[in-house]
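J.: Output the structure for:
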Amino acid sequence: MIAKFISKYAFWILQVIGWGLLGLLVVFAGGYNPDPVKSMEIFLPISVSGMLSTTFLRWILKYKINKYDWGLKKIGLVLLANLAAVFLIGLFIKISGAIHKRDPSFTVKFENHVNDTTTLDSPVFFGGVTIFVVLLSWTFLYYGINFIRDYNKKRIGRLKLKEDIKSAQLKTLKGHINSRFLVASLKSIKKLMLENVDKARAMLTELSDLLRYSLTKNDDTPVSILEELEMVEKYRKIVSIDKNTKFEFYKSMLVETEVYTIPPMLLLNSVVLVTKYSKQKSAEKKELHLQIKEGEDLLIIIKFIGKLETTSETEVMVNSIKQRMLLLYNETGRFTSDFEENSTTLKIKIPYVSNQKRIA
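T.: The predicted model follows:
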């Protein structure tokens with residue numbers, strides 16, 4: 001709340017502090033004056049005139065001079081605006097001195113200075129130069145602050161754009177239920193209906209849950225390992241309708257690891273990778289072993305025992321998972337794959353994050 005207020009009214013806060021300090025400096029420059037009225041007669045004209053002149057100067061710089069188009073003409077306009085501001089300060093002090101009838105020496109002294117402006121050692125000339133230098137410094141500070149604010153806005157915009165691109169890439173790489181898998185599953189369920197209607201209805205429900213999970217997990221908000229394992233089990237039941245793609249599922253994990261979370265669809269996509277391309281005509285028994293271990297990082301090992309047909313699409317899925325891991329964890333996460341003749345092993349290393357509390 002306070003930070004928002006300061007950010008919104010930063011100009012006016014700096015105006016009051018800057019010119020207020022300068023006014024106090026002038027008041028005490030000639031020594032301590034015990035009369036508060038006389039001190040205010042000096043403090044107010046300097047502070048108020050400074051704030052009014054720099055407000056005018058800011059209006060000129062902000063609305064009348066293009067800050068992105070530098071050149072000799074612009075430099076001349078900036079200097080001219082500063083001179084105009086100096087004139088405003090002098091005019092305001094002149095008017096203020098004329099109003100303060102209680103101290104005629106103030107106006108007399110000022111008028112004497114005004115009448116003696118032809119020499120370089122004139123107090124009025126020296127004062128004008130001093131004010132001009134102060135205003136010129138204020139102008140540099142104004143442009144410097146604006147440059148920093150513009151740079152930060154652009155940097156935040158670039159970071160936001162980068163995050164949006166990263167989010168879009170993650171959604172693309174995450175993958176959803178493959179349309180061919182969906183068609184094949186519906187065909188298998190259709191055949192199953194001729195044999196066992198109740199089981200076919202149950203499989204249709206499992207497929208619906210799997211599809212809903214794939215579509216609703218659009219972001220990368222972590223999900224529990226148990227939730228992801230539940231989807232893997234639903235996938236296993238569906239593909240096991242066809243005897244050629246049926247496989248046994250074994251998992252080994254400590255009870256403590258159930259509290260951890262992982263990116264949605266990461267485990268499911270990995271299981272699909274090693275089972276989707278298994279040789280369907282092979283009569284050999286197929287097994288999927290999943291291990292979840294604790295260590296310096298959370299380690300997930302997926303081992304599929306069975307012959308696998310590696311294709312270009314397999315390589316695409318592997319690269320997609322690797323890219324997704326890189327976007328999510330940079331170099332701290334890792335995905336490796338080892339394709340052998342009769343088995344495939346995937347290893348996923350995920351760092352512990354703040355919302356994943358390890359159990360001692």
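J.: which residues in the chain form strands?
T.: 223-224, 248-253, 261-262, 287-293, 298-305, 334-339, 343-350 (DSSP state E).
J.: is it possible to export those strands to a markdown table including distance to residue 134 and mean neighbour count?
T.: Heads up, the C-betas are built off the backbone N, CA and C, glycines and all. A markdown table is the format used below for the strands of the chain (distance: least, CB to CB, whole Å; neighbours: other CB atoms under 10 Å):
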| stretch | distance to residue 134 | mean neighbour count |
| --- | --- | --- |
| strand 223-224 | 61 | 16 |
| strand 248-253 | 71 | 14 |
| strand 261-262 | 59 | 19 |
| strand 287-293 | 68 | 17 |
| strand 298-305 | 61 | 20 |
| strand 334-339 | 59 | 16 |
| strand 343-350 | 59 | 20 |
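J.: would you list those in a markdown table and tack on distance to residue 183?
T.: Shown next, in a markdown table, are the strands of the chain (distance: least, CB to CB, whole Å):
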| stretch | distance to residue 183 |
| --- | --- |
| strand 223-224 | 27 |
| strand 248-253 | 23 |
| strand 261-262 | 28 |
| strand 287-293 | 23 |
| strand 298-305 | 23 |
| strand 334-339 | 26 |
| strand 343-350 | 25 |
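J.: Report the residue spans of the stretch 251-360 of the chain with pLDDT below the cut-off.
T.: Scanning the stretch 251-360 of the chain with the threshold set as pLDDT under 70 gives 255-256, 277-284, 353-360.
J.: Please repeat the previous calculation with a cut-off of 90.
T.: Residues of the stretch 251-360 of the chain that meet the criterion pLDDT under 90 lie in 251-287, 292-298, 305-334, 337-344, 350-360.
J.: Could you list the domains of the protein?
T.: 2-169, 175-350 (automatic domain parsing).
J.: avg pLDDT for the shortest one?
T.: Spelled out, that is domain 2-169. Rounded to a whole number, the mean pLDDT of domain 2-169 is 70.
J.: and residue 139, what does it touch?
T.: Contact analysis of residue 139 by CB atoms under 8 Å, 6 or more residues apart in numbering lists 57, 61, 78, 81, 82.
J.: Kindly indicate the member of these with the most neighbours.
T.: Comparing the contacts of residue 139 on neighbour count, residue 82 comes out first with 23 neighbours (neighbours: other CB atoms under 10 Å).
J.: For the residue nearest to that one when sequence neighbours are not counted, give its distance to residue 45.
T.: In space, and not counting its chain neighbours, residue 82 is closest to residue 135: 4.8 Å by CB to CB, 6 or more residues apart in numbering. Separation of residue 135 from residue 45 (CB to CB, to the nearest Å): 16 Å.
J.: same check, this time on residue 74
T.: Residue 74 is 31 Å from residue 45, by CB to CB.
J.: Can you pick out the residue with more neighbours from these two?
T.: Counted by other CB under 10 Å, residue 74 and residue 45 do not tie: residue 45 has more neighbours, with 22 against 14.
J.: re the thing from before, residue 15: which of the strands of the chain is closest?
T.: The closest of these to residue 15 is strand 261-262. By CB to CB, the value is 50.4 Å.
J.: Strand partners (parallel or antiparallel) of the closest one?
T.: According to DSSP bridges, strand 261-262 forms sheet pairs with strand 223-224 (antiparallel).
J.: now the strand it pairs with, how far from the centre of its chain.
T.: 24 Å (CA atoms, centre = their mean, to the nearest Å).
J.: and for that strand, what are the contacting residues?
T.: Under CB under 8 Å, 6+ apart, the answer for strand 223-224 is 217, 258, 259, 260, 261, 262, 263, 264.
J.: if we can go back for a sec, hey, which of the domains of the chain is tucked in deepest?
T.: domain 175-350 (a mean of 16; mean count of other CB atoms under 10 Å).
J.: Apart from its neighbours in sequence, what residue is nearest residue 258?
T.: Computed as CB to CB, 6+ apart, the closest residue to residue 258 that is not its neighbour in sequence is residue 226, at 5.5 Å.
J.: gap between the one you found and residue 352?
T.: Counting by CB to CB - residue 226 and residue 352 are separated by 17 Å.
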